[in-house]
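**Q** just to be clear, the model below is a prediction. Sequence and coordinates:
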Amino acid sequence: MLPGALRVGAVWGIDDKAPNARRRTPERGRIKERSLTTLAASTFDVLLSHDGPRDAVLAGSGSEGLGALIDLARPAFAFFGHYGSRHGRVGATTGGTQVYHLAGFEMRRGGSCAEEGSVGLLTWECDSGTFEYLDEGWLRGFTRHNWRHVVG
C-alpha cells in the first residue's frame with residue numbers, strides 16, 4: 001500500500017501492432033487489451049507502463065491503446081521506459097497528463113551507478129504532484145553494490 005491517497009495503475013508489455021513494433025514479441029510480453037479496458041474504467045493518479053503512447057519517443061512506435069487509456073483515465077502522470085537511454089517529458093495528452101519517459105535502469109555506467117534520466121522523484125500532496133529526474137550527484141551515489149542500503 002502506498003502512503004497517502006496516491007492511486008497507481010500499471011500495464012505490462014509492449015504494443016506489437018504499431019507500424020515499427022517488434023513482431024516477434026512473445027504473447028506474455030505484449031500489452032493485453034483486457035488490461036487497458038479494465039484500467040480505463042478505473043481512477044488513478046499515476047500510470048506505470050513498460051511501453052509508451054504511440055509516437056511519444058519514436059514515430060510509428062508505442063501503443064495507441066496506452067494513449068487512449070491516458071486520454072480516458074486522465075491520470076496526473078504517466079511514466080514508461082522501453083526506449084533505452086532516451087528520457088524526458090514527452091508531452092501532455094488531451095486531459096493534461098504529464099507523460100515522462102524514463103531511461104533504462106541498467107546500472108552499467110562507471111562505478112555501476114544509475115543512468116541519467118532513469119530515476120526521479122514524484123512528490124504528491126493534496127491530489128497534485130511534481131516530478132523531477134534526480135541529479136547526477138545522487139545517481140553517482142546509487143550503485144548496484146549499495147542500492148539496498150540507500151533506499152529504505
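**A** Looks like it arrived, so ask away. These numbers were taken from a predicted model, which means no experiment stands behind them.

**Q** pull out the buried positions in the lengthiest helix in the chain.
**A** Taking DSSP state H as the assignment, the helix of the chain that covers the most residues is helix 64-73. Buried residues in helix 64-73, counted by 16 or more other Cβ atoms under 10 Å: 65-67, 69-70, 72-73. Every C-beta, even on glycine, is put in place using the N, C-alpha and C of the backbone.

**Q** give me the number of residues near A10?
**A** 13 (other Cβ atoms under 10 Å).

**Q** adjacent strands (with direction) for the helix or strand containing it?
**A** Counting by DSSP states H and E, the element that carries A10 is strand 8-11. Paired neighbours of strand 8-11 in the sheet (DSSP bridges): strand 46-49 (parallel).

**Q** ok so, going back, which one of the buried residues of helix 64-73 sits closest to Y83?
**A** Nearest to Y83 out of the buried residues of helix 64-73 is L66 (Cβ to Cβ; 13.3 Å).

**Q** please report the distance of the closest one from I14.
**A** According to Cβ to Cβ, to the nearest Å, L66 stands 10 Å off from I14.

**Q** quick check: neighbours shared by those two?
**A** Taking Cβ atoms under 8 Å, 6 or more residues apart in numbering as the criterion, L66 and I14 both touch 31, 51.

**Q** which residue sits farthest out from the middle of the chain?
**A** The outermost residue of the chain relative to its centre, with distances by Cα atoms, centre = their mean, is G111 at 25.1 Å.

**Q** surely L39 touches V11?
**A** Yes. Assessed by Cβ atoms under 8 Å, L39 is found in contact with V11 at 6.6 Å.

**Q** name the residues contacting each of those two.
**A** 47, 69.

**Q** low pLDDT regions in this structure?
**A** Scanning the chain for pLDDT under 70 picks out 1-4, 84, 92-94, 148-152.

**Q** any idea where the helices of it begin and end?
**A** Here the chain has its helices, by DSSP H, at 33-40, 64-73, 136-141, 147-150.

**Q** same list (those helices) but as JSON lines, adding distance to S118.
**A** As requested, those are exported to JSON lines (distance: least, Cβ to Cβ, whole Å):
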{"stretch": "helix 33-40", "distance to S118": "24"}
{"stretch": "helix 64-73", "distance to S118": "20"}
{"stretch": "helix 136-141", "distance to S118": "8"}
{"stretch": "helix 147-150", "distance to S118": "12"}
